[in-house]
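Engineer: sequence below, structure please.
(chains A and B)
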Amino acid sequence: MPFGLLKYALSKQYPGERHFPARKELRPSYDVVIVGGGGHGLAAAYYLARDWNITNVAVLDKGYLAGGNTARNTAIIRSNYLTPEGVRFYDESVRLYRDLANEFDYNLMYSERGHFTLAHTDAAMRTARWRAEVNKHLGVRSELVYPDEIARICPQLNMSRDVRYPILGALYHYPGAIARHDAVAWGYARGAHRRGVEIHTHTEVTGFDVDNGRVSAVRTNRGTIKCGKVLQAVAGMTSVVAGMAGFKLPIRTIPLQACVTEPVKPFLDPIIVSGSLHVYVSQSARGELVMGGSVDPYSLYNTRSTLDFKEELIMHMLELFPFIGRMRMLRQWAGMADMTPDFSPVMGETPVQNYYIDAGWGTWGFKATPVCGKRMAETVATGKVPDLIAPFALERFYGFAQVGEKGAASVGH
Amino acid sequence: MSSHRLPQPYGILIDRSKAITLRFEGRDYPAFQGDTITSALFANGQRVLSRSFKYHRPRGTLSMLAQEANSLVQLPGEPSVRADTTAVPAGIDVRGQNYLGSLSRDWLTVIEWIGPFLPVGFYYKAFYKPKGVWKYWEKLVRALAGLGRIDEHAHHGYADKAYLFADVAVIGGGAAGMQAALDAAGTGAEVILIDDQPRLGGALNYARFDVEGRRGARLAEELRGRVEAARNIQVLTDAVCTGWFADNWLPITQGQRLYKLRARSVVIAAGALEQPMVFRNNDLPGIMYGSAAQRLIRLYGVKPGHRAVVATANDAGYAVALDLIEAGVTVAAVVDLRAEPSASPFASAVAARGITVHQQHTVSEALPGPGKRSLFGVEIDAITGRGVTAGRPHRIECDLLCTSVGYTPAGHLVCHSGGQLVYDAELAMLVIDRLPGGSAVAAGAVNAAFDLDAALAEGTYAGWRAAQLAGLNVGAEPRRPGARAGAAGQNHPWPIFPHPKGKEFIDFDEDLQVKDILNALADGYDDLDLVKRYSTVVMGPSQGRHSALNNMRLATVGAGRELQGATVTTQRPPFQPELLEVLGGRGFQPTRLTAMHHRHLELGAQSMPAGVWLRPAYYGAESRRAENIAAEVRAVRENVGLIDVGTLGKLEIRGPDAAELLNRMYTFAYAKQPVGRSRYVLMTDGTGAIADDGVACRVNEQHFYVTATTSGVDAVYRAMMRWNAEWRLNVDIANVTAAYAAVNLAGPKSREVLSRLVTDIDLGSEAFPYMGVREGHVAGVPARLMRVGFVGELGYEIHVPASQGEHLWDALMREGAAHGIRAFGVEAQRVLRLEKGHIIIGQDTDGLTFPQEAEMGWAIAASKPFYVGKRAIDVQAARPLTRRLVGFTLAAGTTLPEECNITVRGSEIVGRVTSIAMSASLGKAVGLAYVAPDQTEPGTRFDIKLGNGTTIQGEVVPVPFYDPENKRQEM
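Structural biologist: Okay, here's the model as predicted:
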């Protein structure tokens, strides 16, 4: 029995201490206002306080803490991207993730399980090799593997050639991991709270005051607050909030759906992704299969679920795992994915001075939470964009200097 | 007959003439056709079904309706089967779930002893120090997680799907639902009535609506008779509507079939779900809802116990007591939580039978029998405040405790499509606040109409309203009863009695006690959603059906907030878990085959997927792959080859604006393209990236026939349709890909072969020059011919109606025989086109390649005012390139790189090899690769990093590698 749990058994009174503040009034002014209390916003708040000693910070969220895409993703962490810019960026994220539990004193259940991107076509095989070669060159452990090796590591996969889309090979990414997604946000929130950052949930931003191209205040449903700087991190509502600040983004917002089965005893260790079959799946520590598919076929600001999504997803799942037919689907839900033209995020400065953006996270936001928070905090604190995230500037779209990661997206878009 | 069976008329769902056997945990139990697993076991005195998720406590049914994980059992290869509602499976060994040892002696009950060390969210609080140790603990946690097991060697079964359409869908076949169906059908509406039970009737079939206990059965019979007689009501029983998606799109699972029902309007009459009482040991087998006992008695003819206590806060509890007495169960006492005695006739009837009623008392603790496998008795105590008792408990021995303290609407479906439930503090109940869409009506207990007459009147109104919403001619609006008739007094506002020693379960699925919820609040997780996520309350297999109400009460009040108007966490589909094989169905992933597919098989083709198609990769044995491909290449270079290109995308663009459409969609210029000529087409997207290519044949001034890549045509067609929705050009765009079969006859002898089959086209090199297009007949079949040069030899692409594909193929192969014709596949074509330096979109380009990078600048008509991607290409072309595609070769004897090996300069990645092949025609390796812009001069050497980490050198050479003057294809 770990020592950490002793106090709970030995105390007469439950030794609780609030991880987050109770609801209280807004102050009239903050040095930094972070719009969006999801993983990214909370991480930025944490690093602002920890690394830059900036603690007069308010994190605002219109809903409950981390209830947006942080609560809705499928919790996969990987760095097997296609562009050198992407690989370096996500690799730093993976390295930060590995230390977070001990840094937070909070178990994120970060679990390296290995990550297969299955290839069912020649084209997918080529892309897999391309990613493997770029990854290896940059020191990230990925390999192109063939059916024998896949069957050895994941004997549950249907390797038959007598199916619609036989598996020809896969990109195997050793550090691919899953984590308890809520806990990541909670860990950041607790760390930020302890360092003096204020977190105000159920506080909706309704507009900004911009004077001479510079943001000066944030209007909310609980009153207007003055601010030195603003960081926007509101995946799903990105274009709407940027619109309030007065600028446009090359982003389309599309629902992305996911689902879980009832829990069963563990049988699947690695994370499996198939682009051709539009499937990604892992088995959680609770024993549920956590599954997702491609983004929906049209833009929508709504998190409704659809029947078509799960019918198609499960049809494909049954091809990969013919034995799961008698398992049951427990719950399905949706998040909103902000898709950029090049499948890379947008981080850094905006046309509004002192207004910074953290957006365009499509289907890859959760895995970037630590690195994005850390580097955006640096950007906000110093006013200077670090080299690591410079390629992801909003400006790149004006000159079509894109960072093409479509080939590394998990599933079709 | 077992001593627990009751005589007829009890047991309306079982057929006593058909005796069957249930095998459970290796023992046989007699049962009847119509029994569920739970009812059969109960009839034999076996109450323990499974073990709980965390503490491994023995559990039996709570609801007889699978509204909690207690009744989840294991079938071979099938975990978490709902024993309450699953018919006894013949000849199959049913087992309990989640134990180590046996169901009656589970070694993992040890976890309950160490429970104090496992506070709410304990897994967040430990197991990570020192760093890296989680991966060892995780193994243990994962092994303990999950409930049932699956069989990794099984194969999913057959399931299918069917579509249904209705004017009115009625969900729920109880009194309100049947009445609604009848009234809707009375207007002429086509009605589908869906019920999850084997027999229509709902609560009428098991509950007691009058002191005599006759009304329910009588009314059920009458309504059923009328429903059966109505020719426009289709009834689905044993069918669960699991979701309510946008525009009344309703999935209904029935056995191995998924119905997909589109209804003009929907009546939700799904009833209400009884809710548990919370006190110490409230999970012991033998504690159940009053309605569960009634179900056992009336539906299955099973006597639920010998000596019972009824704990109640409404009049229904007294009806339960009467049912128990009639079924021969001794009722030791009624414990009424309310301060005031009940004035209902049920209460008088109970009093008349001499039953003691303990007013303003509650059960404060249930007392377990050995191993907590049974109920031994209860402690009851006076209530002195909200959730507080006097502390002077009094023991009553019993083996059955029925509770009746309130309901929650089965309104989950309402929430799937945008409706909402909110808490009404006066009724102490969740009520429907908003229905989804504009075409739904709620009726009966789901709408808080608990009074039977009110439910029937609501049914009448709902049927009328739904028919009206469905667009039928309806009569005058029927009178509607007062809202929520009979709802007052059904729910106790606080049936939650914390105990100093705990084990008062709020959520049975997840083994969460009162203190777990309160401690989650103490840790700061004081939003209802955070309580859920932190403690996992309502996240188990029943998705809160038995726990959401009490949890919301406890957490909302615990956080110091108002209950009035509070909402529960969002309820997501499905309403009830769905078998994956039923969702997946038969699987519809068709493979498209070309018109000549069987000829390819006869020639021994090795097929490969190409988009949705199968194409021959090459012909002949797999063991001689390289030799076969080389022979095919040689045939094309030296004699003549024939390749099936029927998978190419084909589009007909007709109309006065046809050329203008092409001008806007593609980079080249088409306005002045002569009739009878083809021209290359290159499509870019809005960011200037190459999207597709092909050729456009001008058939006449207003008609182009355009080809696209095999895997790109659908997107090309979509893009044309989408853009033209904005442009409104006067054109007609048709995707005719599958309508035509097509071949490419290529090689120096192709003209000779073709001339033997063509009479109405002059094939001479001047009459039908390179890039020419002609229409005529080949082998007697109407055909469109184009002179193309993809493989770099004299060649003809021949398109004929798909039905004539085999005929064309046979004729060409027959006439070509004398000239050494050979069928060739995709692999040979790849080599042939590479020798010519032609790119393949998607292989030699990627999602960002703009034309200048791929040496495709020649295909851009720079003077055009507009084409899709023009602005982006102009911006990119105005600044220095960052990479370029070049042809390269390797020194003799160098290891061949693989496609997508990277090109590097020091530590920097500059590009990749996109194509590589050993060219027999040229006697050397040829390839295409992206290199840095200063590495493009012929003769420049650049580094290629192989998969094993070693580096080789490529040398830039001009393309085409083969026949640089293009004489062969233009002859």
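
Engineer: from here on, contacts and neighbour counts on C-alpha atoms
Structural biologist: OK.

Engineer: sketch out the low-pLDDT regions of chain B for me.
Structural biologist: For chain B, the stretches with pLDDT under 70 are B:1-3.

Engineer: residue nearest the centroid of it?
Structural biologist: residue B:583 (6.6 Å; CA atoms, centre = their mean).

Engineer: ok but it is inside a helix, no?
Structural biologist: Yes: the assignment for residue B:583 (DSSP: H, G, I helix; E, B strand; the rest coil) places it in a helix.

Engineer: mind listing what residue 378 touches?
Structural biologist: Defaulting to chain A. Residues near residue A:378 by CA atoms under 8 Å, 6 or more residues apart in numbering or on different chains: A:47-48, A:52, A:384-386.

Engineer: not what I meant, chain B
Structural biologist: Taking CA under 8 Å, 6+ apart, one finds B:363-367, B:395-398 in contact with residue B:378.

Engineer: list the ones among these that fall in helices.
Structural biologist: Nothing among the contacts of residue B:378 maps onto helices, per DSSP state H.

Engineer: surely residue A:141 meets residue A:175?
Structural biologist: Yes: counting by CA atoms under 8 Å, residue A:141 touches residue A:175, with 7.0 Å between them.

Engineer: circling back: the contacts of residue A:378, buried ones only, as a ChimeraX selection?
Structural biologist: A single ChimeraX command selects the buried members of these (16 or more other CA atoms under 10 Å in any protein chain shown):
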select /A:47,48,385
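
Engineer: out of the contacts of residue A:378, the closest to chain B would be?
Structural biologist: residue A:386 (19.6 Å; CA to the nearest CA).

Engineer: where are the low-confidence patches of the stretch 1-150 of chain A?
Structural biologist: Using pLDDT under 70, the flagged stretches of the stretch 1-150 of chain A are A:1.

Engineer: what does it put close to chain B?
Structural biologist: A:2-9, A:14, A:16-22, A:64-65, A:84, A:99, A:101-102, A:105-111, A:121, A:123, A:126-127, A:129-130, A:133-134, A:137 (CA under 8 Å from any CA of the partner chain).

Engineer: one more time with 7 Å, if that's ok
Structural biologist: Counting by CA under 7 Å from any CA of the partner chain, the stretch 1-150 of chain A comes close to chain B at A:2, A:4-6, A:8-9, A:16-20, A:64, A:101-102, A:106-108, A:111, A:121, A:126, A:129-130, A:133.

Engineer: who does the residue of the stretch 201-350 of chain B found nearest chain A form a beta bridge with?
Structural biologist: Nearest residue of the stretch 201-350 of chain B to chain A: residue B:245, at 6.3 Å (CA to the nearest CA). For residue B:245, the beta-bridge partners under DSSP bridges are residue B:249.

Engineer: for the chain, longest helix please?
Structural biologist: If you meant another chain, say so; for now it's chain A. Per DSSP H, chain A has its longest helix at helix A:84-104.

Engineer: please go with chain B instead
Structural biologist: Assignment by DSSP H gives helix B:452-469 as the longest helix of chain B.

Engineer: just checking, what packs against it?
Structural biologist: helix B:175-186, strand B:257-268, strand B:440-442 (3 or more CA pairs under 7 Å, 6 or more residues apart in numbering or on different chains; DSSP states H and E).

Engineer: compute the number of surrounding residues for residue A:106.
Structural biologist: By other CA atoms under 10 Å in any protein chain shown, the residues close to residue A:106 number 23.

Engineer: what about it, which SS state?
Structural biologist: coil.

Engineer: pretty sure it is touching residue B:124, no?
Structural biologist: Yes: Residue A:106 lies in contact with residue B:124 (CA atoms under 7 Å); the separation is 5.4 Å.

Engineer: just the helices in the stretch 251-400 of chain A please.
Structural biologist: For the stretch 251-400 of chain A, applying DSSP state H, counting those that start in this stretch gives helices covering A:307-320, A:369-382.

Engineer: helices or strands next to the first one in the packing?
Structural biologist: To tie it back to what came earlier, the one meant is helix A:307-320. helix B:580-584.

Engineer: pull the residues that contact the helix it packs on.
Structural biologist: Among residues not part of helix B:580-584, those counted as contacts by CA atoms under 7 Å, 6 or more residues apart in numbering or on different chains are A:311-312, A:314-315, A:325-329, B:156-157, B:159-160, B:256-258.

Engineer: and those, which are buried?
Structural biologist: Applying 16+ other CA under 10 Å to these flags A:311-312, A:314-315, A:325-329, B:156, B:159-160, B:256-258 as buried.

Engineer: against residue B:970, how distant is the residue of chain B most remote from its centre?
Structural biologist: Within chain B, the residue lying farthest from the chain centre (CA atoms, centre = their mean) is residue B:766, at 59.5 Å. Using CA to CA, to the nearest Å, we find residue B:766 at a distance of 10 Å from residue B:970.

Engineer: and the stretch 701-850 of chain B, which residues reach chain A?
Structural biologist: Checking the stretch 701-850 of chain B against chain A by CA under 7 Å from any CA, the hits are B:847-848.

Engineer: please redo it, this time with the cut-off set to 8 Å
Structural biologist: So the stretch 701-850 of chain B meets chain A at B:842-843, B:847-848 (CA under 8 Å from any CA).

Engineer: between which two of those is the distance greatest?
Structural biologist: B:843 and B:848 (12.2 Å; CA to CA).

Engineer: so who does the closest residue to chain A within the stretch 351-500 of chain B touch?
Structural biologist: In the stretch 351-500 of chain B, the residue that lies nearest chain A is residue B:417 (7.1 Å; CA to the nearest CA). Residues in contact with residue B:417 (CA under 8 Å, 6+ apart) are A:304, B:244-246, B:436-437.

Engineer: hmm, back to that, dump the longest helix of chain B to PDB, restricted to CA.
Structural biologist: Extracted as PDB, the C-alpha positions of helix B:452-469 are listed here (Å, rounded to 0.1, in the frame of the first residue of the first chain):
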ATOM      1  CA  LEU B 452     -53.400   6.700 -14.200                       C
ATOM      2  CA  ASP B 453     -56.300   8.600 -15.600                       C
ATOM      3  CA  ALA B 454     -54.100  11.600 -16.100                       C
ATOM      4  CA  ALA B 455     -51.600   9.400 -18.000                       C
ATOM      5  CA  LEU B 456     -54.300   8.200 -20.300                       C
ATOM      6  CA  ALA B 457     -55.600  11.700 -20.900                       C
ATOM      7  CA  GLU B 458     -52.000  12.800 -21.600                       C
ATOM      8  CA  GLY B 459     -51.700   9.900 -24.000                       C
ATOM      9  CA  THR B 460     -54.800  11.100 -25.900                       C
ATOM     10  CA  TYR B 461     -53.400  14.600 -26.100                       C
ATOM     11  CA  ALA B 462     -50.000  13.400 -27.100                       C
ATOM     12  CA  GLY B 463     -51.400  11.200 -29.900                       C
ATOM     13  CA  TRP B 464     -53.500  14.100 -31.200                       C
ATOM     14  CA  ARG B 465     -50.600  16.600 -31.000                       C
ATOM     15  CA  ALA B 466     -48.100  14.200 -32.600                       C
ATOM     16  CA  ALA B 467     -50.400  13.600 -35.500                       C
ATOM     17  CA  GLN B 468     -50.900  17.300 -35.900                       C
ATOM     18  CA  LEU B 469     -47.100  17.800 -35.900                       C
END
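
Engineer: pull out the buried members of the contacts of residue B:378.
Structural biologist: In the contacts of residue B:378, the ones that pass as buried (16+ other CA under 10 Å) are B:363-367, B:396-398.
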